[in-house]
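Visitor: Okay, predicted coordinates and the sequence, questions at the end:
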Amino acid sequence: MDKGLIQLYYGNGKGKTTAGVGSCVRAAGHGLKVLVYQFLKTPANTGEVSMLKSIPGIEYVDNTVHSPFLFNLTPEQQEYFAELYDNEFEAVLSKIYSGEYDLVFLDELIDAWNLNLIPRDKVLKLMETKPAGTELIISGHIYEESIDELIARSDYVTEFKKVKHPFDNGECARIGIEE
């Protein structure tokens, strides 16, 4: 690919990961090399992960940080998990900067950004210095924090807005549908 752009999928609506996975499948179907990493999703036992791992041309990097519900952490615990995620992000960045990948999907990166689990300057630097031929897809939820810096650096920006969701009525994620 001559010029890789940056795509940002954000919001509280369903479909961000699904859109990113669809782009990965499409790219692999055209013989492009794909890298996928999902922040905050451990263990990675969802239907999309098993499919991504089975598709030639897609490299799925397992998230090994088994973190609890991150909104309830003490500052010390948050610092501990931030160090773990920063180490994993460094390994993923090394793969990205190798220039081997045509498409990189960093699922829930916006959540890691908003929870200060990875240094924001590293994310901004990635968006500015990624290999020219690499398409970068970033996804995540809306928080009170601004993502204006991410939006400004992106070429495609799509907001997913929740109007109604079964979770609001206590319905858990269903295997094969939401998980």
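Guide: Yep, it's here. Numbering: from 1, shown residues only.
Visitor: confidence score at residue 33?
Guide: At residue 33, the model reports a pLDDT of 98.
Visitor: Revised request: answer the last question for residue 68.
Guide: In this prediction, residue 68 carries a pLDDT score of 67.
Visitor: so where do the helices sit in this structure?
Guide: 16-29, 47-54, 75-97, 109-114, 120-129, 148-153 (DSSP state H).
Visitor: Including distance to residue 38, mean neighbour count and mean pLDDT, could those helices go into CSV?
Guide: All C-beta spots, glycine's among them, are computed from the backbone N, C-alpha and C. Output for those, formatted as CSV (distance: least, Cβ to Cβ, whole Å; neighbours: other Cβ atoms under 10 Å; pLDDT from 0 to 100):
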stretch, distance to residue 38, mean neighbour count, mean pLDDT
helix 16-29, 8, 18, 96
helix 47-54, 8, 15, 89
helix 75-97, 10, 15, 92
helix 109-114, 9, 23, 92
helix 120-129, 15, 14, 97
helix 148-153, 17, 14, 96
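Visitor: what's across from the residue nearest the centre of the chain in the sheet?
Guide: Centre of the chain computed as the mean C-alpha position; nearest residue by Cα atoms, centre = their mean is residue 107, 1.4 Å away. As for beta bridges, residue 107 partners with residue 38 under DSSP bridges.
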